[in-house]
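Student: need coordinates for the below:
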Amino acid sequence: MLRRVVSVVKFLASRGLPFRGRDEKIGSNNNENFLEIIELLAQYDAFLVDHLHRFGNAGSGTPSFLLRNFQ
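Tutor: As a prediction, the model looks like this:
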């Protein structure tokens, strides 16, 4: 999971693109660039699909490496 996240971070940073958007919910039409790319990759990666289903919008205190839910 961490390799995928680092790859997306490197891609966005190398192009100067913003990470955040209007929404931080997986599956939303207005979510951030970071999550949108993660969802795109999930179309071709069974591990990532499973991870999104298990930890996607789990809420605060559940580490997922995807959202700011580390409180």
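Student: next up, phi/psi of the closest residue to Pro18 other than its chain neighbours, please.
Tutor: Closest residue in space to Pro18, ignoring its immediate chain neighbours: Asn33 at 6.1 Å, by CB to CB, 6 or more residues apart in numbering. (Glycine included, C-beta is placed from N, CA and C.) For Asn33, the backbone dihedrals (degrees, to the nearest 10) come out as phi -60, psi -40.
Student: my read: Asn33 touches Ala13, true?
Tutor: No. Asn33 is beyond contact range of Ala13, at 11.0 Å (criterion: CB atoms under 8 Å).
Student: the two: which has the busier surroundings?
Tutor: Asn33 (16 against 10; other CB atoms under 10 Å).
Student: quick revisit: for the residue nearest to Pro18, what are its contacts?
Tutor: Leu12, Leu17, Pro18, Phe19, Arg20, Gly21 (CB atoms under 8 Å, 6 or more residues apart in numbering).
Student: show the pLDDT at the second one.
Tutor: It stands for Leu17. Listed pLDDT for Leu17 reads 87.
Student: now for the chain, the helix or strand with the poorest mean pLDDT.
Tutor: helix 46-55 (a mean of 85; mean pLDDT, DSSP states H and E).
Student: what helices and strands are in contact with that one?
Tutor: helix 33-42 (3 or more CB pairs under 8 Å, 6 or more residues apart in numbering; DSSP states H and E).
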